[in-house]
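Visitor: here's my sequence, what's the structure:
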Amino acid sequence: MAAALAMPTIAFAQIGDQSGPDQSGPSTVETVTVTAKKLDAARTGIQTQTGASTYTITEQDIEAAPGGENNLLNQVILQAPSVAQDSFGQIHVRGEHNALQYRLDGIIIPEGISVFGQTLDPRLASSVQLITGALPAEYGLVTGAIVDMQTKSGVFEPGGDVAIYGGSHGTIEPSFDYGGSSGNFNYFVSGDYLQDKVGIESPNGSANPLHDDTAQYHGFAYLEDILDEHSRVTMILGTSHDHFQIPDNPDQPTSFTVAGAPTVPSAKLNEDQREITDYGILSYLHSQGQFDFQVSAFARYSSLNFSPDSIGDLEYDGIAQQAFKQDTAFGLQAEGAYHIGDTHTIRGGIIVQTERATSATTSQVLPADCTGSGIVADPYECTQAPPPDDAPISIVDNGAKTQNTYSAYLQDEWKIVPTLTVNYGLRFDQYDAFAKEDQLSPRINLVWNATDSTTVHAGYSRFFTPPPFELVGDETVSKFVDSCPGTIASPCHTTATPQVTEDDISKAERANYFDAGVSQQMFAGLTLGVDSYYKISRNLIDEGQFGAPIILTPFNYKSGKQYGLEFTTSYTADNFSAYANAGLEHAEGKDITSSQFDFDPSDLLYIEDHFIHLDHEQYLSASAGASYNWDGTRFSADMLYGSGLRKDDAITGVPNGAHVPGYTQINLGASHDFDLGRAGDLTARVDVINVFDTKYEIRDGTGVGVGAPQWGPRRGLFFGLSKSI
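Guide: Just a heads-up that it's a prediction; the model follows:
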């Protein structure tokens, strides 16, 4: 693993002679390979990372870690600097709430509506880059961090593996991957199936949580046709189908009664969530002379279906909600780079996207008597109406909306002198959905190679981030206030009537981002880095989980501030490699200005006049790992440390005023390769996750936008076999 201040250069390889009677022999294979490398270099050079903070995790790094390619993508990224672990598999980079843009080979995969599922699998990656900081102009709209996965291609690593992995918590995961080529056609495919009994984090710290099974399968295909030495067509296809049980927390008290229904113990609730994501990319790349360009069409379908426990959810929460959401997006990404001598590279591009979201929600609620106006001086209270008014009421709320986004950028990478490069440009973004907003954003980055071993960078970026598209409509709030049957006086209230009825539409976040850092190679194999950042924003976007369906809802703070320091270290020598990363961060917001109905009125009143810590702020996040290959046996270890996400202060009542206790999780692994001669290779591995069975809390159920408690994974012992094919 390595951190870098990327300044890609393009090396144009010579193409071999394609003439001659034998077009299928070694020379043809070599020609195709060289051409593919040349075109890969051109594709990489179209997008610049000059001045950004780029942390690269290679295929070898992934395989060497405990768990290897069987880890989920979020677990891989957690080893990067300034990345904090959260519930539901979420991760936070530099104090951002999600705000991750995923790309495959530089092409955007539009954001979906899955919560628990991991759409992208580490098996498909030849490398994973986490790109942060003051981003160049080609990165926009979602700018908390860029996760760019470079996909595997059969032309470079022909062959594949079939594997089986499993162990604790009922885990079993068969998988396969295979790549190859035929003439100018190259391909790579992979797939896996996963089932275990801890699909979502435990709500009470139990090693075997109740009702927490998951079944998931994922598929991926990369297809490439090299048309000639200057151009190629590629297609990427992927799918992810995930089913989750929502875990039960035993011995919880009920709050309501349902006419004629027995009480459902909290240990026997039956809630489920299904998440589906399908995506595809079709690209044409051309590289000739000084000009390289790529045009890509992309599409993504995602859906989420939450099934409640109809009686139990009413008894505990006062609402049982059947929710189905689907989102379809498609767009065009066209980008190019023009090289002017050795000093200038002009880059530009346009990205357009259309997205259609639909929702169908049916909520069962109970009549209620409510008093007060919802302000601190006049306490607000809703209690269940007396019998016979405790029969459920059905509220239907369906809707659909289309969003269009338009982006364009132009920038120049100017090598002023051999040791100093500046990249400057402009980006324009506009979106049109629940609101219509736009912004022209300047960007500038400088990279100075002070010595052969010292690199300094500094940058400024103006960011424009529209709210996530899965918003709550204005009409939803009123339906829970006045939806009683005709036999009951109207208007009336229900057990889901919010304490606050204000519901302003979420707005785009606008931010100024500053970043500076230095990377120092101390001696061969050892590299140290330090980076600092400061971000000040208006309409800071955050998200919370407010209802029974595990669907996140966006909201804005009027003002926000985020700043911090991060440190990286990597060392490689012969068969040994090690890394260590740490990040210090501070993230806060003031005055909630949208989706106010989701919040407690006293919290709204306090936050209106006070900056508070963001719920996903973790003051200190650290990771480290090492691996050693001894005579065909690889030993590996990694660790995570977190000082704890935020929670409400139980003494002062300040929202997000305290944090859960810190924790350390250590994982170990070992693998050995057996040479079976003509039968190929067999790899056996054993991994121990959370070696010391540390019981630690990720969330305690309190905090702004926090819905329920979650705990980290308990100790698990896993075994795997992988056979080359």
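Visitor: OK, contacts around residue 559?
Guide: Taking Cβ atoms under 8 Å, 6 or more residues apart in numbering, we find residue 559 in contact with 537-538, 540, 589-591, 611. For the C-beta atoms, the positions are set from N, CA and C on the backbone; glycine is no exception.
Visitor: how about those residues, which pair is most distant?
Guide: 538 and 611 (13.9 Å; Cβ to Cβ).
Visitor: so can I have TSV of the contacts of residue 559 showing distance to residue 61?
Guide: Formatted as TSV, the contacts of residue 559 follow (distance: Cβ to Cβ, whole Å):
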residue	distance to residue 61
537	33
538	38
540	33
589	35
590	40
591	42
611	38
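Visitor: next one: the longest helix that the chain contains to chain centre, how far?
Guide: Longest helix in the chain, counting residues (DSSP state H): helix 26-46. Computed by Cα atoms, centre = their mean, to the nearest Å, the chain-centroid distance of helix 26-46 equals 31 Å.
Visitor: tell me the helix or strand right after the lengthiest strand in the chain.
Guide: Longest strand of the chain, by residue count under DSSP state E: strand 393-417. Per DSSP states H and E, strand 393-417 leads on to strand 420-432 as the next helix or strand towards the C-terminus.
Visitor: show me what that following strand is packed up against.
Guide: strand 393-417, strand 436-449 (3 or more Cβ pairs under 8 Å, 6 or more residues apart in numbering; DSSP states H and E).
Visitor: mind doing that once more with 10 Å?
Guide: Strand 420-432 sits against strand 344-365, strand 393-417, strand 436-449, strand 454-465, with contacts defined as 3 or more Cβ pairs under 10 Å, 6 or more residues apart in numbering; DSSP states H and E.
Visitor: deepest-packed of those, please.
Guide: strand 454-465 (a mean of 21; mean count of other Cβ atoms under 10 Å).
Visitor: for it, which helices and strands make contact with it?
Guide: Counting by 3+ Cβ pairs under 10 Å, 6+ apart, the elements that strand 454-465 packs against turn out to be strand 420-432, strand 436-449, strand 509-523, strand 526-544.
Visitor: if you set the cut-off to 6 Å instead, what comes out?
Guide: With contacts taken as 3 or more Cβ pairs under 6 Å, 6 or more residues apart in numbering; DSSP states H and E, strand 454-465 sits against strand 436-449, strand 509-523.
Visitor: which among those strands is found nearest to residue 604?
Guide: strand 509-523 (19.5 Å).
Visitor: so which residues make contact with the closest one?
Guide: With contacts defined as Cβ atoms under 6 Å, 6 or more residues apart in numbering, strand 509-523 is touched by 5, 133-134, 453-461, 463-465, 527-541.
Visitor: give the pairing partners of it; include direction for each.
Guide: strand 454-465 (antiparallel), strand 526-544 (antiparallel) (DSSP bridges).
Visitor: before we move on, the earlier item: tell me the one of the contacts of residue 559 nearest residue 71?
Guide: Once Cβ to Cβ is applied, the member of those that ends up nearest residue 71 is residue 540, at 31.3 Å.
Visitor: what about the residue lying closest to that closest one once chain neighbours are set aside, how many residues nearby?
Guide: By the measure of Cβ to Cβ, 6 or more residues apart in numbering, the closest residue to residue 540 outside its immediate chain neighbours is residue 560, 2.9 Å from it. By the measure other Cβ atoms under 10 Å, the count of residues near residue 560 is 24.
Visitor: list the residues that contact residue 560.
Guide: Residue 560 touches 537, 540, 589, counting by Cβ under 6 Å, 6+ apart.
Visitor: ok, the spatially closest residue to residue 179 that is not a sequence neighbour - contacts?
Guide: Spatial nearest neighbour of residue 179, excluding adjacent residues (Cβ to Cβ, 6+ apart): residue 154 at 2.9 Å. Applying Cβ under 6 Å, 6+ apart to residue 154 gives the contacts 179-181, 186-188.
Visitor: could you export the residues you listed as JSON lines, including pLDDT?
Guide: Listed next are the contacts of residue 154 as JSON lines, based on pLDDT from 0 to 100:
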{"residue": "179", "pLDDT": "95"}
{"residue": "180", "pLDDT": "94"}
{"residue": "181", "pLDDT": "92"}
{"residue": "186", "pLDDT": "94"}
{"residue": "187", "pLDDT": "96"}
{"residue": "188", "pLDDT": "96"}
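Visitor: now, the most widely separated pair of the residues you listed?
Guide: Applying Cβ to Cβ across the contacts of residue 154, the maximum distance is between 181 and 188, 9.8 Å.
Visitor: within the helices and strands, which one has residue 306?
Guide: Per DSSP H and E: strand 291-307 holds residue 306.
Visitor: keeping just the C-alphas, turn whatever helix or strand comes next after that strand into CSV.
Guide: Following strand 291-307 in sequence order, the next helix or strand is helix 310-317 (DSSP H and E). Output in CSV follows, covering the C-alpha atoms of helix 310-317 (Å, rounded to 0.1, in the frame of the first residue of the first chain):
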residue,chain,number,x,y,z
SER,A,310,-46.5,-5.8,10.7
ILE,A,311,-47.6,-6.2,14.3
GLY,A,312,-44.3,-6.0,16.1
ASP,A,313,-43.1,-2.8,14.4
LEU,A,314,-46.4,-1.1,15.5
GLU,A,315,-46.0,-2.3,19.1
TYR,A,316,-42.4,-1.0,19.4
ASP,A,317,-42.3,2.0,17.0
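Visitor: mean confidence score for helix 310-317?
Guide: Per-residue pLDDT over helix 310-317 has a mean of 92.
Visitor: for the closest residue to residue 313 other than its chain neighbours, grab the count of nearby residues.
Guide: Once flanking residues are discounted, residue 313 sits nearest to residue 320: 3.7 Å by Cβ to Cβ, 6+ apart. As a burial measure, residue 320 scores 26 neighbours (other Cβ under 10 Å).
Visitor: surely residue 320 is within a strand?
Guide: Yes - under DSSP: H, G, I helix; E, B strand; the rest coil, residue 320 falls within a strand.
Visitor: quick check: bridge partners of it?
Guide: According to DSSP bridges, beta-bridge pairing links residue 320 with residue 364.
Visitor: that one and residue 427, how far apart?
Guide: 45 Å (Cβ to Cβ, to the nearest Å).
Visitor: now do residue 285
Guide: Taken as Cβ to Cβ, the span from residue 285 to residue 427 is 22 Å.
Visitor: these two: which is more packed in?
Guide: The residue with more neighbours, out of residue 285 and residue 427, is residue 427; 26 against 23, by other Cβ under 10 Å.
Visitor: find the residue at the geometric middle of this protein.
Guide: residue 100 (5.0 Å; Cα atoms, centre = their mean).
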